[in-house]
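[1] need a structure here:
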Amino acid sequence: MLFLDVMYYGCHLFYKNLLTKVSPSIQPSIMLGALFGYPMAAIVDCLYIYIACEVPIFWLFFVVGLSGILLMFHLYEVKNRKKRIIKDRPRFFSNKRLNLFTIIFIVIIALSILFIGGPVGKYLLRLCY
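    Below you'll find the predicted structure:
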């Protein structure tokens with residue numbers, strides 16, 4: 001949970017600095033859910049191709065990604081965990097720059113998984129035939 005809490009706090013700081021005159025909103029939890037839900041959907045699609053040797057149904061990607069968004073929304077907004085996280089200010093490391101670098105690194109990995117999923121899926125389909 002520390003991993004998700006730190007990432008949520010990073011998203012919260014991003015929106016706090018970007019939107020200074022807006023009240024607290026659900027955007028950090030939605031962004032965090034999309035950041036982990038859709039790369040997870042790409043991994044699930046690739047695993048489906050690897051196991052079944054066929055193209056997954058169209059909606060599988062969107063359902064898995066939306067499930068990630070709804071899970072983060074439920075975890076941080078419905079259970080009101082965000083207040084405790086904003087008050088505690090969790091971090092990976094005590095150094096602010098190292099913490100920021102780690103968050104950016106995780107975001108880059110998540111986005112790269114999202115965009116590499118298509119070519120990997122195509123490669124896995126070629127191996128099946």
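
[2] and the helices in the protein, which stretches?
    2-18, 27-52, 58-73, 82-88, 96-128 (DSSP state H).

[3] mean pLDDT lowest for which of the ones you listed?
    Lowest mean pLDDT within the helices of the chain: helix 2-18, a mean of 83.

[4] centre of the chain to it, how far?
    Computed by CA atoms, centre = their mean, to the nearest Å, the chain-centroid distance of helix 2-18 equals 12 Å.

[5] can you tell me what sits against it?
    Outside helix 2-18, the residues within contact range by CB atoms under 8 Å, 6 or more residues apart in numbering are 22, 25, 27-29, 31-32, 35, 72, 75-76, 81-82, 85-86, 88-92, 99-100, 103, 106. For the C-beta atoms, the positions are set from N, CA and C on the backbone; glycine is no exception.

[6] now a ChimeraX select for only the buried ones of those.
    Of the contacts of helix 2-18, the buried ones can be selected in ChimeraX as follows, counting by 16 or more other CB atoms under 10 Å:
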select :28,29,31,32,35,72,75,76,81,82,85,86,90,91,92,99,103,106
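
[7] ok so, going back, pick the most buried one from the helices of the chain.
    Among these, helix 27-52 has the highest mean neighbour count (mean count of other CB atoms under 10 Å), at a mean of 19.

[8] show me what that one is packed up against.
    Using 3 or more CB pairs under 8 Å, 6 or more residues apart in numbering; DSSP states H and E, the elements in contact with helix 27-52 are helix 2-18, helix 58-73, helix 96-128.

[9] since that was my last question, I'll sign off now.
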